[in-house]
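Colleague: task: produce atomic coordinates for the following.
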Amino acid sequence: MTMEDGHPDWGPFGVPLFDGPEARSLARVGVIDIGSNSVRFVVFDGAARSPAYYFNEKILCGLGAGFAETGRLNAEGRVRALAALKRFAALARSMQVHPMLTVATAAVRDAEDGPEFRADVLRDTGLEIQILDGEEEARLSAQGVLLGWPGAQGLICDIGGSSMELAVLKGDGVVGERRTSNLGPLKLMGIKGGKKAIRAHIRERIAELVDGFPERPKRLFLVGGSWRAIARVDMIRRDYPLKVLHEYRMTPKAIMNTIKHIGATDVEALRAQTGNSVERMRLVPLAALVLKELVRQLKPKEVAISSYGIREGLLYDQMSDALRQRDPLIEAARHAEASSARQRGFGRALYRFIEPLFPGARPDKKRLIRAACLLHDVSWRAHPDYRAEVCFDNATRANLGGLTHGERVYLGLALLHRYKSNRAGTGFDANLLELLSEKKVREAEILGRAMRFGAMFALENPVDHGKLRLRPKRRELILTLTSDEGRSLFGEVSEARFKALAQAMDVEPIVKGLH
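Modeller: Residues are numbered from 1 along each chain as shown. You can find the predicted model right below:
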C-alpha cells in the first residue's frame, strides 16, 4: 500500500482514518450520563479513535441519596437533575450535536419513581433516557477502558454512587464475564449497624462477586469518580510528579497505605488537598473500604486508573471494527498534525528520514517515534521563548489515550529537544525524570535532536536529498547527500544540528557527497 505521495504507509497503522467518512460521522457525538451522584454532559470531537472533549460539564445532583430509606430518587436531586438536563438539551441543540445519547444507571434503574422521572425528562427536554441494566453498564465501562487501552487485559471495576460493576477484558478487544452489585457508597450509607456492619456487608458481597471470576487478574482497571479521588490522594501522599490521573498506576501495597492515610485524615483536609468537591469527598471513605476489600480478595499485581468509562464506551460502541483497531495515539497525533502543523504529511517524511537511527527498535518504541514525528511541529505558533516548554506540556498533559506516564514524559522530552538542545530555562520539572530510566532519557533526547536536524535539513521529503546511516560498532553517524538540492540545503545551521545529534549519540559525524 502506498500513500498519496507515493511512499509506503506505516505498516500496521494503515491509512489515516480520522478524516474518513466513518470517523467524520462520529464528530460531535453527545452523551448525557445520569448517575446516582452526578449528571454529566460530554461532547466528543476531534480524532474519533482518540477524541477530545469539546464540551464537558457535570452537576453533582445526588439522585441516589437517601434511596435506602425511601426507595425513591432524592427529591432535591430530581429538581436539580431536571434543570441540568434542560440546560444540556439546549446546549446540544445550539452545538448541533448528533447523535445524542442519554443513559441512566443504578439510581433511575432501581428507584420506584424512575419511570416517572424518565417521562418528566422526555416531556420537558425531548431527551429519551435509555436505562442501562448492571451488566450493560459493566460492558460499556469496559469498552471505555478499551478506547484508551487497546488490547487491555484484566478486570475493570466501575464504582458509581449506587452500584459497582465488574467486567473481564480478555486482551483481544472482547468484554467477557460481567457482574453488578449494590456496593456504591450511597447505598452503603443506608446500612444499619455502623462501620462494622458495612465492612461485613462489603466483605460478603465482594466474596460473591469474586467467585464469578475464577482467574485472578494481573491488572485491575478502576473507573469512577470515587476511585479517581482516592488515586489523587495517593498521588499527593507519594508526591508524584505528574498529575494526569489516566493510566496512573498503583501497587496493592501503595493502595493499602493510602486507604490507611484516608482513614486517619480529616475529610475536609483531604478535600482541600485534592480539590475535590464536598459531595465527592463524603463518598471517598466508604469507597476506600470497598477498594481495600476488593484488592485483598482479588490480589491484583497492579491497579490502574482509567479516566474513560461509560461515556467513552458509548462512543466506542458507535465505531466500526476497523476504527476500533486503530492506535489512538497515532490517530490523535495525525489529527493534530493535520489541524495544527505547518505542513501536513511532513511528520511521515521525517519519520522515514530518521528511522535508520533506531535499528531494531521494538514496536512500542517505534510508535512513540512516529507519534513524535507527527507532533514535532504542532506547537509552532507558540512564542519561540516558550515553544520547547509548550511542546513538553502538550505531550505530558494532553488528553491522549494509549500512553503510560513514562511514555508521556518520553514523548514530551523528545518534543522539547526538537526545539531546544538542552532543558535549561524551559521550566522543566526534573522530578519527572523519575518516571524514566537514564537510558530512556538519553533516547528521548536523541530522538528530539534527530527531529531538530531533520526538520531543519529539508522542509519536505528529506529522504529525497539525504540518507542517514548509523554504524554502532564503528561509532559513526553518516549523512550521505544524494542530490544537488541536498548539498545546497546542508548549510551552517544544518551542519551544527547534525553535529549536535552525533554528540548526543556519542558517535563521530561523517558527511558524504558534499562535492
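Colleague: shaky segments in the protein?
Modeller: For the chain, the stretches flagged by pLDDT under 70 are 1-26, 47.
Colleague: what are the structural domain limits within this structure?
Modeller: What automatic domain parsing lists as the domains of the chain is 18-131, 134-300, 326-512.
Colleague: export those as TSV, with columns for distance to residue 314.
Modeller: Just so you know, the C-beta spots here come from the backbone N, C-alpha and C atoms, and that holds for glycine as well. Compiled in TSV, those are given as follows (distance: least, CB to CB, whole Å):
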stretch	distance to residue 314
domain 18-131	5
domain 134-300	6
domain 326-512	16
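Colleague: format these as a markdown table; extra columns: mean neighbour count and distance to residue 319.
Modeller: Shown next, in a markdown table, are these (neighbours: other CB atoms under 10 Å; distance: least, CB to CB, whole Å):
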| stretch | mean neighbour count | distance to residue 319 |
| --- | --- | --- |
| domain 18-131 | 19 | 7 |
| domain 134-300 | 19 | 9 |
| domain 326-512 | 19 | 9 |
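Colleague: nearest to residue 320, out of the ones you listed?
Modeller: Among these, the nearest to residue 320 by CB to CB is domain 18-131 (5.3 Å).
Colleague: gap between the closest one and the chain center?
Modeller: Counting by CA atoms, centre = their mean, to the nearest Å, domain 18-131 is centred 22 Å from the centre of its parent chain.
Colleague: please begin residue numbering at 31 from this point
Modeller: Renumbered: residue one is now 31, and that last one reads domain 48-161.
Colleague: quickly note the distance from residue 339 to residue 287.
Modeller: Remark: distance between residue 339 and residue 287 (CB to CB, to the nearest Å) = 26 Å.
Colleague: quick one, which of the domains of the chain gets closest to residue 345.
Modeller: The minimum distance between residue 345 and the domains of the chain falls on domain 48-161, with 5.5 Å, by CB to CB.
Colleague: pretty sure residue 249 contacts residue 335?
Modeller: No. Assessed by CB atoms under 8 Å, residue 249 is found out of contact with residue 335, at 11.4 Å.
Colleague: isn't residue 349 up against residue 78?
Modeller: Yes. Contact criterion CB under 8 Å: residue 349 and residue 78 qualify, at 6.7 Å.
Colleague: and residue 299, what element?
Modeller: Element membership for residue 299, per DSSP states H and E: helix 297-304.
Colleague: spit out the contact partners of the residue nearest in space to the middle of the chain.
Modeller: Compute the mean C-alpha point of the chain, and by CA atoms, centre = their mean the closest residue is residue 431, 3.6 Å away. Shown in contact with residue 431 (CB atoms under 8 Å, 6 or more residues apart in numbering): 80, 177-179, 276, 338, 358-359, 362.
Colleague: let's go with 6 Å and repeat that
Modeller: By CB atoms under 6 Å, 6 or more residues apart in numbering, the residues touching residue 431 are 80, 178, 358.
Colleague: out of those residues, which comes closest to residue 296?
Modeller: The closest of these to residue 296 turns out to be residue 178 (CB to CB; 33.7 Å).
Colleague: sec struct for the nearest residue to residue 249 once chain neighbours are set aside, please.
Modeller: The shortest distance from residue 249 to any residue other than its chain neighbours is 3.6 Å, reached at residue 184 (CB to CB, 6 or more residues apart in numbering). Classification of residue 184 using DSSP: H, G, I helix; E, B strand; the rest coil returns strand.
Colleague: can you tell me how far residue 184 is from residue 213?
Modeller: Note on residue 184: its distance to residue 213, by CB to CB, is 19 Å.
Colleague: what are the ranges of the helices in the stretch 181-330 of the chain?
Modeller: Assigned by DSSP state H, counting those that start in this stretch, the helices in the stretch 181-330 of the chain fall at 215-218, 224-241, 255-268, 282-294, 297-304, 308-311, 314-328.
Colleague: looking at those helices, which is closest to residue 465?
Modeller: If you check each of the helices of the stretch 181-330 of the chain against residue 465 by CB to CB, helix 255-268 wins as the nearest, at 12.1 Å.
Colleague: what helices and strands are in contact with that closest one?
Modeller: Using 3 or more CB pairs under 6 Å, 6 or more residues apart in numbering; DSSP states H and E, the elements in contact with helix 255-268 are helix 282-294, helix 314-328.
Colleague: tabulate the ones you listed (JSON lines), appending distance to residue 511.
Modeller: Formatted as JSON lines, the helices and strands packed on helix 255-268 follow (distance: least, CB to CB, whole Å):
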{"stretch": "helix 282-294", "distance to residue 511": "53"}
{"stretch": "helix 314-328", "distance to residue 511": "59"}
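Colleague: so which of those helices is nearest residue 99?
Modeller: Here helix 314-328 is closest among the helices and strands packed on helix 255-268 (CB to CB), at 16.3 Å.
Colleague: export that closest one as PDB, just CAs?
Modeller: Coordinates of the C-alpha atoms in helix 314-328 are reproduced here as PDB (Å, rounded to 0.1, in the frame of the first residue of the first chain):
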ATOM      1  CA  VAL A 314     -14.500   8.500  49.500                       C
ATOM      2  CA  PRO A 315     -14.200   6.800  52.900                       C
ATOM      3  CA  LEU A 316     -16.800   4.300  52.000                       C
ATOM      4  CA  ALA A 317     -15.300   3.700  48.600                       C
ATOM      5  CA  ALA A 318     -12.000   3.200  50.200                       C
ATOM      6  CA  LEU A 319     -13.400   0.400  52.300                       C
ATOM      7  CA  VAL A 320     -14.700  -1.300  49.100                       C
ATOM      8  CA  LEU A 321     -11.400  -0.900  47.400                       C
ATOM      9  CA  LYS A 322      -9.500  -2.300  50.300                       C
ATOM     10  CA  GLU A 323     -11.600  -5.500  50.300                       C
ATOM     11  CA  LEU A 324     -11.500  -5.700  46.500                       C
ATOM     12  CA  VAL A 325      -7.700  -5.600  46.400                       C
ATOM     13  CA  ARG A 326      -7.500  -8.000  49.400                       C
ATOM     14  CA  GLN A 327      -9.600 -10.700  47.700                       C
ATOM     15  CA  LEU A 328      -8.700 -10.200  44.000                       C
END
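Colleague: ramachandran angles for residue 88?
Modeller: Note on residue 88: backbone dihedrals following degrees, to the nearest 10 are phi -130, psi 140.
Colleague: how about the nearest residue to it once chain neighbours are set aside, secondary structure?
Modeller: Among residues not flanking residue 88 along the chain, residue 70 sits closest, at 4.3 Å (CB to CB, 6+ apart). With three-state DSSP as the basis, residue 70 sits in strand.
Colleague: from residue 108, how far off is residue 70?
Modeller: Separation of residue 70 from residue 108 (CB to CB): 17 Å.
Colleague: repeat for residue 420
Modeller: Distance from residue 420 to residue 108, by CB to CB: 45 Å.
Colleague: got it, and residue 307?
Modeller: For residue 307, the distance to residue 108 - CB to CB - is 20 Å.
Colleague: same question, residue 269
Modeller: Residue 269 is 42 Å from residue 108, by CB to CB.
Colleague: for residue 119, same thing?
Modeller: Taking CB to CB as the measure, residue 119 falls 16 Å from residue 108.
Colleague: need the contact partners of stretch 149-161.
Modeller: Against stretch 149-161 from outside (CB under 6 Å, 6+ apart): 115-116, 119, 132-134, 139, 148.
Colleague: what of stretch 443-459?
Modeller: Residues outside stretch 443-459 that contact it (CB under 6 Å, 6+ apart) are 402, 406, 417-419, 421-422, 425, 474-475, 477-479, 481-482, 530.
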